[in-house]
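Student: make a model of this:
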Amino acid sequence: MIAIMSINTQAGVMAQQPEPLTPEKLWELARVSAEGLSADGGTLIYGVGQYDIKEDKLHKDLFTLDVKSKQVSSFLKGQGNASVVQVMKDGTVLYLLDGQLWSQSLGETSGKKLTDVEGGLQNVVLSPKGDKILFSKRVLIDKVHSKDKYEELPLSNVYVYDDLDYRHWDTFNDGKYAHPFLATYKDGEIGEAIDLLEGKPFYSPQAPFGGAEDFAWTPEGDAVLYVTKMLTGKDYAFQTNTDIYRYDINSKETINLTEGMMGYDTSPGFSPNGRYMSFLSMKTNGFEADKNDLVLYDRDAKIRLNVTGHWDGTVNNYYWSKDSRRVYFTAPVEGTIQIFEVQVPKNFRARSLPLLRQVSSGQFDINSIIGESEQGLVVMSNTMTRAAEAHLYTEKNNTLTPLTTVNDHHYAQIIENKVEGRFTKASDGKDLFSWVVYPTDFDPNKKYPTLLYCQGGPQSPLSQFYSLRWNLQLIASQGYIVIAPNRRGMPGWGQEWNDAISEDWGGQPIQDYLAAIDDIAKESYVDQDRLGAIGASYGGYSVFMLAGVHQGRFKTFISHCGLFNMESWYGTTEEMFFAKHDIGGAYFENPEHPSYNAFNPIRHVNNWDTPILIFQGGKDYRVPKSQAFEAFQSARLKGLKSRLVFLPDENHWVLSGQNAQVWQSEFFRWLGETL
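Tutor: Predicted coordinates:
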């Protein structure tokens, strides 16, 4: 239990006992973001976002922290949601506020507005000398909307498409594409900008989630790099072949630096000494969850080397050491996300395997490396019971020390749940790891209802994550045991384990889930008559599958944005490369595939006999709303206790705070009724 926090009241000092986490308390937590680190590593700039439920809006302020003394100062307060672009060597901080570039020195509390660009700036990256600027803005290329196509009909609202990529994630393609723009820059004055993809229907940064990490400057400032997928229509929807392009400012020539590399190529960068170019790369075209490798290019020797190819893991993100001798990166490993290090080979021509090792270890996630200080690495870290904060990682004694403590006063009033790892023998004899989260004040002599948590992805790590919706501590705090298996398809257990789920969605992964719940159900503190299964996306699919094959194990199910009918899903989802790779192609090309038969939840509805709650977002184009409607209608036609919670303004997630409160209320109301 966390130590009791004393609070002052008019009547004197009163000790407030910690209580279980609630949905209201969860959304009262501040959201901490690392914005930048000074050149000497001594000052961290971080953001603190506070969600206002009444306004249904997030407000973010910026603060500075002395890494050595831990002293905190306000940097920008009450101005809006600013984001840091760059911390200059002289301590000047450039940040974006309302789409415009501002300047402010460390130690000051107000800034100077530098630009006034119509439409604002996005994804700004300044050249090394600060005399040029690279940014993005959306450009109309295709006239697919009637207002652009038929100017004489300004009140019309019609989309006309001839090919795929007509919608993505939660947005219909309006004919506008994000493009990189290059211009001269001096004291806020931006020269005439050049569109590096002028007239071309390509996205850079990538759609839908790409940002400034898709841009880079050469150390000399004579060229820029940008990431894009130079494909359109059906080819765009079926391929993941992004490439890194180099635009030479003097010659105005563009070359493809990753030509012949057929998977995702992303996150270009350079070593501090300028000798090496670095980027992340996947090998297989069409496989979005392929092994992600770190590739280095020796600009002197003109040799490219995959420095993680010999390692059985996948890279999340990376950071160059200041001396350019090593690259740190984060990667999932055995239910956590940790820091790894690879040493830069002295001789690329030798093609020798570089030394690679895991640096950190512990029951926590390290999600990103912000930079180096004299004391250690500045990182962002969280656990299942603590939201992300900035930490200092010291390798000498493998310690993770909090730098920001924004939410400490909240956690002093919240009981911290016990989280343990557990191994189970899967149906094929392999070891299956799960995280188990126990109720507050857990008593092994009592019996508890228990929930099987089914992770989405499907190839995403189930680590020490912290979520505002699928918060396992919150669920456990309401009196439930939660078991969360690292079933087949999750990175962190080797690439073979990760790849095993493709074209086998309803096979071994579902057996892994059943093995995990059967194993923990043997414990005396688990009430075998009160078991449930919950999950979203692939986890929602898993719930629909389990509803038809569980053979009486479960008393309730909850599915959010789950895939129910694999034929109609294939015909309505948008990233076709994912559907083609993971479920074996189109239903009309391969109708006998298990994905459309034994592994298709709709084929097992005749066995449904258990109450089910179904959540669905109206703007979810990855798993369109028809999937939920089909499932709910099937449950009702069978006469089952069932409920549909439809969120018309949400996508694959729930982003609105007020909608999230409704979501949590319905979630726990259902469990109260059925478990």
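
Student: measure F172 to R487 for me?
Tutor: Computed as C-beta to C-beta, to the nearest Å, the F172 to R487 distance reads 34 Å. For the C-beta atoms, the positions are set from N, CA and C on the backbone; glycine is no exception.

Student: equivalent analysis for R622, please.
Tutor: From R622 to R487 the distance is 20 Å (C-beta to C-beta).

Student: ok, P402 next?
Tutor: Plainly put, P402 is 32 Å away from R487 if you go by C-beta to C-beta.

Student: for the chain, what helix or strand is lowest in average pLDDT?
Tutor: When the helices and strands of the chain are scored by mean pLDDT, DSSP states H and E, strand 5-9 comes last with a mean of 32.

Student: identify each buried residue in stretch 593-605, please.
Tutor: Within stretch 593-605, the residues scored as buried using 16 or more other C-beta atoms under 10 Å are 593-596, 599-605.

Student: quick check, H581 in a helix?
Tutor: Yes: counting by DSSP: H, G, I helix; E, B strand; the rest coil, H581 is part of a helix.

Student: now for it, how many residues are close by?
Tutor: Other residues lying near H581 total 20 when counted by other C-beta atoms under 10 Å.

Student: I'd say it and N285 touch.
Tutor: No: between H581 and N285 there is no contact under C-beta atoms under 8 Å: 9.4 Å.

Student: could you pull out the helices in the protein for me?
Tutor: All helices of the chain, identified by DSSP state H, fall at 23-28, 146-149, 233-238, 408-411, 472-477, 495-499, 508-520, 538-549, 566-570, 576-583, 626-637, 657-674.

Student: and the fifth one, what's buried?
Tutor: Same thing as helix 472-477. Neighbour-count burial for helix 472-477, counted by 16+ other C-beta under 10 Å, picks out 472-477.

Student: same question, the fourth one
Tutor: Judged by neighbour count using 16+ other C-beta under 10 Å, the buried positions of helix 408-411 are 410-411.

Student: and for the second one?
Tutor: Neighbour counts over helix 146-149 (16+ other C-beta under 10 Å) mark S146 as buried.

Student: start the count at 779 instead of 1 going forward.
Tutor: Understood, numbering begins at 779; the last thing we discussed is helix 924-927.

Student: what is the burial count for the closest residue to Y1216 other than its chain neighbours?
Tutor: In space, and not counting its chain neighbours, Y1216 is closest to K1196: 4.5 Å by C-beta to C-beta, 6 or more residues apart in numbering. K1196 has 13 neighbouring residues, counting by other C-beta under 10 Å.

Student: look up how far V1214 lies from K1196.
Tutor: K1196 sits 8 Å away from V1214, taking C-beta to C-beta as the criterion.

Student: same check on D876?
Tutor: D876 is 46 Å from V1214, where distance means C-beta to C-beta.

Student: K1080 too?
Tutor: Applying C-beta to C-beta, the value for K1080 to V1214 is 52 Å.

Student: quick one, which of the two is more surrounded?
Tutor: Comparing K1080 with V1214 by other C-beta under 10 Å, the one with more neighbours is V1214, at 20 against 8.

Student: mind listing what the more buried one touches?
Tutor: 1197-1200, 1259-1262, 1298 (C-beta atoms under 8 Å, 6 or more residues apart in numbering).

Student: how about G869?
Tutor: 816, 821, 883-885.

Student: most neighbours out of those, which is it?
Tutor: That'd be T821 among the contacts of G869, by other C-beta under 10 Å, with 23 neighbours.

Student: just grab the bridge partners of it for me.
Tutor: Applying DSSP bridges to T821 yields these beta-bridge partners: D844.

Student: that one contacts K846, correct?
Tutor: No: T821 is beyond contact range of K846, at 9.6 Å (criterion: C-beta under 8 Å).

Student: phi, psi for Q1242 please.
Tutor: phi -80, psi 60 (degrees, to the nearest 10).

Student: just the pLDDT for it.
Tutor: Q1242 is assigned a pLDDT of 98 by the prediction.

Student: tally of neighbours for it?
Tutor: Neighbourhood size, Q1242 [other C-beta under 10 Å]: 22.
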